[in-house]
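> Give me a 3D structure for the following:
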Amino acid sequence: MPDPLIHPHETLTTRDGEQVEIDAEMVPTIRELWRLNFTTLACCQDVGEATAGVRAQNDKPLGYGADSFIAYHRGWALLKLPITDAMRLVAILAEEPAFADRVRRRWRPGSWRMDVPLVPDGLDEAALLHFPR
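This is a model prediction of the structure:
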């Protein structure tokens, strides 16, 4: 099986003592979120590049990761948080001048893309926050 770690990474220890691999450019963000008592479920420093890397290592199609997906996500980072933590983070950022317009106004250059996937039972338990790397 190919190594899923595409980007340079560091091993961090969660509050629960679990060792996790975090993309190097996401380490400061993850450390700060953990310091503020947020739960993080996943992160990626460049979703497009990572998808292209995984696709290049795989013999079988991914089911996602077409050229258009990769192009669309190049230069975008990802945080996956429980919905309540994602809402709390967005509320905090909405009060910060450097981030307010990015999290309040959709579909503008630099605006964050934020969603909660639909699953058969309703909404997923986690939110996906995409933001410019």
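> in this structure, which spans are helices?
27-35, 47-57, 67-73, 83-94, 100-104 (DSSP state H).
> tell me which residues of the last one are tucked away?
The neighbour-count criterion (16 or more other C-beta atoms under 10 Å) identifies 102-103 as the buried residues of helix 100-104. C-betas here are computed from N, CA, C, even on glycine.
> Same check on the second one?
For helix 47-57, the buried set under the neighbour-count rule, 16+ other C-beta under 10 Å, comprises 47-55.
> Please work out the average pLDDT along it.
On average, the pLDDT along helix 47-57 is 87.
> Who are the contact partners of the spatially closest residue to Ala50 that is not a sequence neighbour?
Using C-beta to C-beta, 6 or more residues apart in numbering and skipping the chain neighbours, the partner closest in space to Ala50 is Ile6 (4.5 Å). Contact analysis of Ile6 by C-beta atoms under 8 Å, 6 or more residues apart in numbering lists 49-50, 53-54.
> Relative to Asp23, how far out is Ile6?
Note on Ile6: its distance to Asp23, by C-beta to C-beta, to the nearest Å, is 8 Å.
> repeat for Thr51
Taken as C-beta to C-beta, the span from Thr51 to Asp23 is 13 Å.
> can you put the helices of the chain in a markdown table and add distance to Val116?
What follows is these, written out as a markdown table (distance: least, C-beta to C-beta, whole Å):
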| stretch | distance to Val116 |
| --- | --- |
| helix 27-35 | 18 |
| helix 47-57 | 17 |
| helix 67-73 | 18 |
| helix 83-94 | 6 |
| helix 100-104 | 15 |
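> Could you list the low-confidence segments of the chain?
Applying pLDDT under 70 to the chain picks out residues 1-5, 59-63.
> center of it, which residue is that?
Leu78 (1.8 Å; C-alpha atoms, centre = their mean).
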